[in-house]
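*Asks:* Could you work out the structure for the sequence below:
(one chain, ligands or ions: 1)
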Amino acid sequence: MTDLVQHSVRVIIAHQAPTGAYVASPQFPVYRYSWFRDGAFIAYAMDLVGQHGSARSFHDWAARTILRHARKAERAIEKAARGEPLGQDYLHTRYTLNGEEGPEEWPNFQLDGFGTWLWALNEHVQRTGMALTPDWQAAVTLIARYLSALWDRPCYDLWEEHPQYQHPYTLAAIYAGLRAAGALLGVHGRSLAGIADQVRRFVLTHGVREGHLVKQIPPPSDPAYQIDASLVGVATPYRLLSPDDPLIRATVARIEQELHCPGGGVHRYRADTYYGGGEWVLLTAWLGWYYTEVGEIGRAWEFLRWVEDQADAEGHLPEQVSGHLLAPRRYSEWKARWGPVAKPLLWSHAMYLILRCALRSA
Ligand code: BGC
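*Replies:* Residues are numbered from 1 along each chain as shown. The predicted structure follows:
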């Protein structure tokens, strides 16, 4: 193990609460919460490096938190069946480390994290041979019903923006989650495969333009909103399409062309203005992970090296780096609002570990 591998594991463990929640970033005011999305990838990374106890404890927190807010999820399912607006009845994207809702306004209606959680839990169960605990079983069943009822509603995307659209990334996470729940629940989850297929067909029918996947549905005419680096997730790891599918190849080619600084990191999307729209460590590791799956190992190593170069003297990885900003004039307003870019970001450390492990087994 290199130092950054050991350090990343230490950072994640140091910032896992006794409740099992992973804090997104300990010093960044609005990130002192635990997100289902970040946490699911972090738990997956911890499984890959053999830290199954840490992953398990996150899954326990996730299941307890879901069950604690089950009445809201049930009300959302009922409202969806009647075709009504949800109002405040939905599960939040992030909770306090004790599983409570945060007091501030936040774009909380996001569905991808729940799909990613089901996917990561199934990976955990497959790797460890653990049986489902009663809480896991109840939470998986509820989330599978919740996603089946709500998948076709517009919601905030994984960057917590653009709530008026549906997003192929989010839909792919839901697809993977429903398939994972089907595997976890066995005979009780048989109907989920049919809904997952519906989600897949929807993405392939409405989420493609000019031969590549698009960031949002309906596809925007503004080219700056057409492609998003997170679309790599549709294949790696969600497998709505296989990594070598021509549609994924074409999507990755567009990501490379529009969002990857040569020799550098990867931006989220061209119109990004958050902290001026820097290069994201976790996305750079994610694209490297994709390359390990299509056998482009040299390329994956380049991405790994770039990520390693972003660690500071203490070995901490940030959310994004600001050397090549897409919207330089927008940087200072965010710095004034929330301080310097979040660091360490546990999700960045997790994606680094995932890439490192993918390279080890490539
Ligand atoms: C990102 C989310 C992430 C959250 C916590 C936000 O700025 O857009 O994807 O879950 O930070 O890391």
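*Asks:* Those residues of the stretch 251-362 of the chain touching the ligand, which are they?
*Replies:* 345, 347 (Cβ under 6 Å from any ligand atom). C-beta: built from backbone N, CA, C; applies to glycine.
*Asks:* Please enumerate the strands of the stretch 251-362 of the chain.
*Replies:* 279-280, 320-321 (DSSP state E, counting those that start in this stretch).
*Asks:* Just the element for residue 47, please.
*Replies:* helix 36-48 (DSSP states H and E).
*Asks:* Between helix 36-48 and whatever helix or strand comes next after that helix, find me the angle.
*Replies:* The helix or strand immediately downstream of helix 36-48 is helix 52-68, counting by DSSP H and E. If you take axes from the mean of the first three to the mean of the last three Cα atoms, to 10 degrees, helix 52-68 sits at 150 degrees to helix 36-48.
*Asks:* packing partners for helix 52-68?
*Replies:* If contacts are counted by 3 or more Cβ pairs under 8 Å, 6 or more residues apart in numbering; DSSP states H and E, helix 52-68 sits against helix 36-48, helix 112-128, helix 134-150.
*Asks:* Which stretch among those helices is buried most, on average?
*Replies:* helix 36-48 (a mean of 27; mean count of other Cβ atoms under 10 Å).
*Asks:* packing partners for it?
*Replies:* Short answer (3+ Cβ pairs under 8 Å, 6+ apart): helix 36-48 packs on helix 3-14, helix 52-68, helix 112-128, helix 346-361.
*Asks:* redo that, cut-off 7 Å
*Replies:* helix 52-68, helix 112-128, helix 346-361 (3 or more Cβ pairs under 7 Å, 6 or more residues apart in numbering; DSSP states H and E).
*Asks:* quick one: contacts of that helix?
*Replies:* 12, 22, 24, 54-55, 58-59, 62, 93, 112-114, 116-117, 119-120, 123-124, 127, 158, 346-347, 350-351, 353-354, 357 (Cβ atoms under 7 Å, 6 or more residues apart in numbering).
*Asks:* Any chance of the helices and strands packed on helix 36-48 in JSON lines with mean pLDDT as columns?
*Replies:* Listed next are those as JSON lines, based on pLDDT from 0 to 100:
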{"stretch": "helix 52-68", "mean pLDDT": "98"}
{"stretch": "helix 112-128", "mean pLDDT": "98"}
{"stretch": "helix 346-361", "mean pLDDT": "98"}
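*Asks:* Take the ones you listed and write them to CSV, including distance to residue 257.
*Replies:* As requested, the helices and strands packed on helix 36-48 are exported to CSV (distance: least, Cβ to Cβ, whole Å):
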stretch, distance to residue 257
helix 52-68, 36
helix 112-128, 25
helix 346-361, 22
